[in-house]
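Participant: Structure of the sequence below:
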Amino acid sequence: MFRRTKIVATLGPATDDPAVLRGMIEAGLDMARINFSHGTREDMRRRIVQVREAAAEVGRPVGILADLAGPKIRIESFAQGRIHLAEGQEFALDTSLDPSAGNEREVGCAYKDLPRDVKPGDSLLLADGFIVLDVLSVAGTRIECVTRIGGELSNRKGVNRQGGGLSAPALTDKDLEDIKFAAEMAVDYVAVSFARDAADIRRAQSELRKWRGKAHVVAKIERHEAIENLAQILAVTDAVMVARGDLGVEMGYAELTGLQKTIIPQALAANRVVITATQMMESMINSPVPTRAEVSDVANAVLDGTDAVMLSAETAAGKFPIKAVQAMNDVILGAEKYELGNPGSVRTEGEFQNTEEAIAKAVMYTANHLRVRAIVALTESGLTPLWMSRIRVDIPVYAFTRQETTRGRVTLYRGVYPVLFDVTHTVPDQTQQAIFDRLLDAGIVDVGDQIILTKGDLSGVQGGTNSLQILRVVRR
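Facilitator: Below is the predicted model of the structure:
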């Protein structure tokens, strides 16, 4: 069965065995996420090379997403490794303390500007919100708090201010170095963690261009400020990620479902790719099957219209990385049987942005009203199939392209699958038959099936798609 929603999975120690990586690709992996928060530069380089080798062996294209660490704000360490905070217990964060001398009264903080960003009455959420501290006073480098929700607190746990407002820049010095490395490794996407506004995204795009990187940028929506600035972020980014971990901490977990159902349609309307992430099958870190709640969570994101769903620790550090991908594949297929409505419908007002949008929307309208087996887009940049992917249709879209960058990019587009095809090396009057042969050899169509083909008058020219053809497949 043709699966439209894509699967992103994080690589890590659990996927370093080439056989495991091949198994994940065979199970349905579409894009590999390299988490730049963990591991050495050589670990990242090795994993990027490994996934490309495994994809070539399996014969299935897999894109690569480099996820920048961003300004993760953390406490320092405890002398004993961990403490227990009781409700009502006073506790302090102090940026001047010895980084390894934390105790049950106080702990250091790696983010030196935290005392300037908080005030009495604020709430600080530690360890993904499991610990809640109310700020009593701020003096110099020290923040005096009282514990509202206690529990075990261990080394290097994250710190958020409820409601956002921390001034840490989205791109750290490490991130700038990592962008240079991502450009060098020719990854397909770079994700900006803790993006606040459009300026953060534009800076990442500028850094990529400086190093001749062609990757598209993903804005991770996980800050209160990003929700406030969502429209301007969508105006400049290539994709967004609904990063529900820190977003849930800053906005409150009760808001998450509503926020997800707000972000996804806005991204689709803006012609942006959207990934839904965080704890989608968390139990599969240690279990070979997901919980029923996790099945519903993944299915709900699919029904919301997300382009992709993401696995994190389930594959990076879990015991069952291949089974996690298989389970996600099965849940997506099950959910797509019951899709309701038609998100991203063909608009009837205003003007199209360009010829590609006009052709793409005409194709999808036609495909929804005609018996068509496949849609083929001859594309240089991938823009036409991107427009097509914004409209829900049961017919697969195949992006025939000679560009490796485009081939990797479209692995994330909902309902679009790349095919390496160099139209400039095909005799013009034999192009149609060459396309038919590729589809027939892959078992995608049968002789006599109808397909829709989009192309431009000039082969190999970006931005030139200007025609739609309805063709019947023949065998030479």
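
Participant: going forward, measure contacts between C-alpha atoms and count neighbours the same way
Facilitator: Noted.

Participant: for the stretch 201-350 of the chain, which spans come out with low pLDDT?
Facilitator: The stretch 201-350 of the chain contains residues with pLDDT under 70 at 340-350.

Participant: now the helices: where do they sit in it?
Facilitator: 224-228, 230-236, 244-251, 256-269, 292-304, 313-316, 321-336 (DSSP state H, counting those that start in this stretch).

Participant: what would these look like in JSON lines with distance to residue 38?
Facilitator: Converted to JSON lines, the helices of the stretch 201-350 of the chain look like this (distance: least, CA to CA, whole Å):
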{"stretch": "helix 224-228", "distance to residue 38": "24"}
{"stretch": "helix 230-236", "distance to residue 38": "27"}
{"stretch": "helix 244-251", "distance to residue 38": "17"}
{"stretch": "helix 256-269", "distance to residue 38": "26"}
{"stretch": "helix 292-304", "distance to residue 38": "25"}
{"stretch": "helix 313-316", "distance to residue 38": "10"}
{"stretch": "helix 321-336", "distance to residue 38": "18"}
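
Participant: Buried deepest among these, which one?
Facilitator: Sort the helices of the stretch 201-350 of the chain by mean neighbour count, taking mean count of other CA atoms under 10 Å, and helix 313-316 sits at the top with a mean of 25.

Participant: about what we covered before: which one of the helices of the stretch 201-350 of the chain lies closest to residue 62?
Facilitator: helix 321-336 (13.7 Å; CA to CA).

Participant: how close does the nearest residue to residue 123 once chain neighbours are set aside sit to residue 143?
Facilitator: Closest residue in space to residue 123, ignoring its immediate chain neighbours: residue 134 at 4.5 Å, by CA to CA, 6 or more residues apart in numbering. To residue 143, residue 134 is 10 Å away according to CA to CA, to the nearest Å.

Participant: same check, this time on residue 277
Facilitator: 32 Å.

Participant: out of the helices of the stretch 201-350 of the chain, nearest to residue 403?
Facilitator: helix 230-236 (23.2 Å).

Participant: That closest one packs against which elements?
Facilitator: helix 198-210 (3 or more CA pairs under 8 Å, 6 or more residues apart in numbering; DSSP states H and E).

Participant: what does the helix it packs on contact?
Facilitator: Residues from elsewhere that reach helix 198-210, judged by CA atoms under 8 Å, 6 or more residues apart in numbering: 170-171, 176, 179-180, 183, 192, 195, 214-217, 219, 229, 232-237.

Participant: domains of the protein?
Facilitator: Domains of the chain are assigned by automatic domain parsing as 6-70+169-336, 82-161, 355-472.

Participant: Kindly check the end-to-end length of the longest one for me.
Facilitator: It stands for domain 6-70+169-336. 12 Å.

Participant: In three-state terms, how would the residue nearest to residue 97 when sequence neighbours are not counted be classified?
Facilitator: Leaving aside its sequence neighbours, residue 97 sits nearest to residue 108 (CA to CA, 6+ apart; 5.0 Å). Following DSSP: H, G, I helix; E, B strand; the rest coil, residue 108 is assigned to strand.

Participant: Just the pLDDT at residue 108, thanks.
Facilitator: The score at residue 108 is 97. That number is its pLDDT.

Participant: Pull the number of nearby residues for it.
Facilitator: 26 (other CA atoms under 10 Å).

Participant: Same question for the one 4 residues further on.
Facilitator: Other residues within reach of residue 112 by the criterion other CA under 10 Å amount to 15.

Participant: now residue 57
Facilitator: 11.

Participant: mind listing what it touches?
Facilitator: For residue 57, the contacting residues are residue 22, by CA under 8 Å, 6+ apart.

Participant: For it, what are phi and psi?
Facilitator: phi -70, psi -40 (degrees, to the nearest 10).

Participant: I am assuming residue 132 contacts residue 149, so please confirm or correct that.
Facilitator: Yes - counting by CA atoms under 8 Å, residue 149 is a contact partner of residue 132 at 4.9 Å.

Participant: So for the two, which sits in the more crowded spot?
Facilitator: Ranked by neighbour count (other CA under 10 Å), residue 132 and residue 149 place residue 132 first, with 25 against 17.

Participant: In a strand, the more buried one, correct?
Facilitator: Yes - applying three-state DSSP, one finds residue 132 inside a strand.

Participant: Now for it: which residues touch it?
Facilitator: 123-126, 147-150.

Participant: who's it bridged to?
Facilitator: residue 125, residue 149 (DSSP bridges).

Participant: if I look at it, how far off is residue 261?
Facilitator: For residue 132, the distance to residue 261 - CA to CA - is 27 Å.

Participant: in the stretch 351-476 of the chain, what spans have low per-residue confidence?
Facilitator: Ranges of the stretch 351-476 of the chain meeting pLDDT under 70: 458-463.

Participant: give me that answer again for 80
Facilitator: Residues of the stretch 351-476 of the chain meeting the criterion pLDDT under 80: 351, 353, 392, 428, 457-464.

Participant: Following element in sequence after the helix or strand encompassing residue 384, please.
Facilitator: Element membership for residue 384 (DSSP states H and E) is helix 383-389. Next helix or strand after helix 383-389 toward the C-terminus (DSSP H and E): strand 397-401.

Participant: That following strand - contacts with which helices or strands?
Facilitator: strand 374-378, helix 383-389, strand 416-420.

Participant: how far does the longest one sit from the chain's center?
Facilitator: The gap between the average C-alpha position of helix 383-389 and the chain average comes to 18 Å, counting by CA atoms, centre = their mean, to the nearest Å.

Participant: now do the last one
Facilitator: Strand 416-420 has its average C-alpha position 19 Å from the chain's average C-alpha position, going by CA atoms, centre = their mean.

Participant: what's the distance between the nearest residue to residue 261 once chain neighbours are set aside and residue 394?
Facilitator: Leaving aside its chain neighbours, residue 261 sits nearest to residue 304 (6.5 Å; criterion: CA to CA, 6+ apart). Distance from residue 304 to residue 394, counting by CA to CA: 16 Å.
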